[in-house]
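Novice: predicted structure and sequence below. I'll ask about it afterward.
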Amino acid sequence: MKTLAILTTKSITHNRFLDCVTKELKKNYKLILVCRDISNLKMNNNIKHYQIDFPINIFELINLKKTIKFIRQFLFLLKKVDLIYVHTPIAAHTLRIIKIFLRINIKVIYHIHGLRYIPGKYTLKSIIFRFLELILSLVTDIFIVINNSDYKSIIKFVNPKNVFLVKGVGINIPKNNQTIIKNNTIFVIGVIGSFKSEKGYYQLLEIAKSLLPIKNIFFYVYGNGDKKWIKKKISNNKLSNIVLKGFVEDIEREIENFNIFLHPSHREGLNVSIQECLVRGIPVVTTNVRGCRDLIVEGYNGYIYEVQDVKKAAQHIVQLYNMDLFNFNKLKRNCIKYSKTNLDRKNLSKQIADIIKNND
């Protein structure tokens, strides 16, 4: 039985997304879970853990002592395994750079959760990361991508036979995901995203402002990070229809109280919050960007608008607000049906495990 190392920079990726695929891979491989904080790993099941102190900022990278240490950790691991299944950019980039410079012959399977560059855009940052991925692709045996844009971009410089499109790692389907009846007494629009401008918060403010005349529409906003700047803008614009909730542990319970979900993000890999909403029968209004449009069938489980078109976003929200109960609940049932067909974590994990097994 071959030994497979599953690499991520931090344990949170293992804990949140890779539990099911790890169980599938365990059927055919001896596994080693690798990250920089193995004490936080929740998965045991007689699986070995190994720590590599990946540099997470420029100061750690230029620290010669730390760099030598993590290279030694890498070299020790590479002697123990037959192939590597890697996630997250830092882990993937450092692994492949070491493979190039030390001429190490080991199979690398890179599961890309969103390219560092945005296909179709040519900013300096995008050009740098595009060129870097082009070089590193020379020592990458298999790519697994999670959205159509990334797939089309990668196959421009990689043999399509070595690139597989799998719609994320999936969502655990709730046993009782019955639709919740529409509530127009308080029409709750959920918003989930870290408090960064790229998550579309400036557009959210404009959308909320345009809907102020409808007194029972409220935006419940959840996220992590510094929320002072958005709190100030809400106050300055007197946006009484935005309720800033901040970070909560049990976001799934909060989602069940949404009437619809608004996701105004500018870029994604394959948005998890949209998936969590769809699986609970919550229709989605989101932007026409990679990782968002991949999850929406227009008019079936939600609606799509262009990033800056706040007027269209507001129109979609009003359309859902005014929708009769029969058609609204039909939309909710479609969300659940779509999720069971396309987003079931068990099915996707088996698909990923089969790709690895058939290409090891």
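Specialist: Sure thing, it's come through.

Novice: all strands of the chain, in order?
Specialist: Assigned by DSSP state E, the chain shows strands spanning 3-7, 30-35, 48-51, 83-86, 107-112, 142-145, 163-165, 187-192, 217-222, 242-246, 260-263, 284-287, 302-305.

Novice: any chance of those in a markdown table, with mean pLDDT, mean neighbour count and distance to Arg72 too?
Specialist: Yep, even glycine has a C-beta here, placed from its N, CA and C like the rest. As requested, the strands of the chain are exported to a markdown table (pLDDT from 0 to 100; neighbours: other CB atoms under 10 Å; distance: least, CB to CB, whole Å):
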| stretch | mean pLDDT | mean neighbour count | distance to Arg72 |
| --- | --- | --- | --- |
| strand 3-7 | 97 | 23 | 16 |
| strand 30-35 | 96 | 22 | 14 |
| strand 48-51 | 94 | 15 | 12 |
| strand 83-86 | 97 | 24 | 17 |
| strand 107-112 | 96 | 23 | 19 |
| strand 142-145 | 97 | 23 | 27 |
| strand 163-165 | 97 | 19 | 32 |
| strand 187-192 | 97 | 23 | 40 |
| strand 217-222 | 97 | 21 | 42 |
| strand 242-246 | 94 | 17 | 41 |
| strand 260-263 | 98 | 26 | 43 |
| strand 284-287 | 98 | 26 | 44 |
| strand 302-305 | 98 | 22 | 48 |
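
Novice: and the ones you listed as CSV, adding distance to Val318?
Specialist: Shown next, in CSV, are the strands of the chain (distance: least, CB to CB, whole Å):
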stretch, distance to Val318
strand 3-7, 46
strand 30-35, 45
strand 48-51, 51
strand 83-86, 45
strand 107-112, 37
strand 142-145, 35
strand 163-165, 35
strand 187-192, 10
strand 217-222, 9
strand 242-246, 17
strand 260-263, 11
strand 284-287, 11
strand 302-305, 11
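
Novice: ok, which of those strands comes nearest Ser273?
Specialist: strand 187-192 (4.2 Å; CB to CB).

Novice: can you give the contact residues for the closest one?
Specialist: With CB atoms under 8 Å, 6 or more residues apart in numbering as the test, strand 187-192 has contacts from 204, 214, 216-223, 251, 254-255, 257-264, 273, 277, 282, 317, 321.

Novice: swap in stretch 97-108?
Specialist: Contact with stretch 97-108 is made by 71, 74-75, 78, 81-84, 86, 95-96, 135-136, 138-142, 360, as judged by CB under 8 Å, 6+ apart.

Novice: CA atoms only for it, dumped as CSV, please.
Specialist: Coordinates of each C-alpha in stretch 97-108 appear next as CSV, following Å, rounded to 0.1, in the frame of the first residue of the first chain:
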residue,chain,number,x,y,z
ILE,A,97,9.7,25.1,-5.7
ILE,A,98,11.7,22.6,-3.6
LYS,A,99,10.9,19.9,-6.1
ILE,A,100,12.3,22.1,-8.9
PHE,A,101,15.5,23.1,-7.2
LEU,A,102,16.3,19.8,-5.6
ARG,A,103,15.1,17.7,-8.6
ILE,A,104,13.0,15.4,-6.4
ASN,A,105,11.0,12.8,-8.3
ILE,A,106,7.7,12.5,-6.5
LYS,A,107,4.1,12.7,-7.8
VAL,A,108,2.3,15.9,-6.9
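
Novice: what's the spacing between it and its chain's center?
Specialist: How far stretch 97-108 lies from its chain's middle: 27 Å, per CA atoms, centre = their mean, to the nearest Å.

Novice: any buried residues in that stretch, and which?
Specialist: Across stretch 97-108, burial judged by 16 or more other CB atoms under 10 Å covers 98-99, 104, 106-108.

Novice: show me what contacts Ala353?
Specialist: Taking CB under 8 Å, 6+ apart, one finds 21, 24-25, 27-28 in contact with Ala353.

Novice: okay, it: pLDDT?
Specialist: Per-residue pLDDT puts Ala353 at 97.

Novice: where does this structure have its least confident helix or strand?
Specialist: Here the helix or strand of the chain ranked lowest by mean pLDDT, DSSP states H and E is helix 58-61, holding a mean of 79.

Novice: that one packs against which elements?
Specialist: Judged by 3 or more CB pairs under 8 Å, 6 or more residues apart in numbering; DSSP states H and E, helix 58-61 is in contact with helix 64-78.

Novice: what helices or strands is the helix it packs on leaning on?
Specialist: Judged by 3+ CB pairs under 8 Å, 6+ apart, the packing partners of helix 64-78 are strand 48-51, helix 58-61, helix 89-102.

Novice: between these, which one is nearest to Lys10?
Specialist: helix 89-102 (9.0 Å).

Novice: what's the angle from that closest one to strand 30-35?
Specialist: Per axes from the mean of the first three to the mean of the last three CA atoms, to 10 degrees, the angle that helix 89-102 makes with strand 30-35 is 110 degrees.

Novice: between strand 107-112 and helix 89-102, find me the angle.
Specialist: Interaxial angle, helix 89-102 versus strand 107-112 (the same axes, to 10 degrees): 150 degrees.
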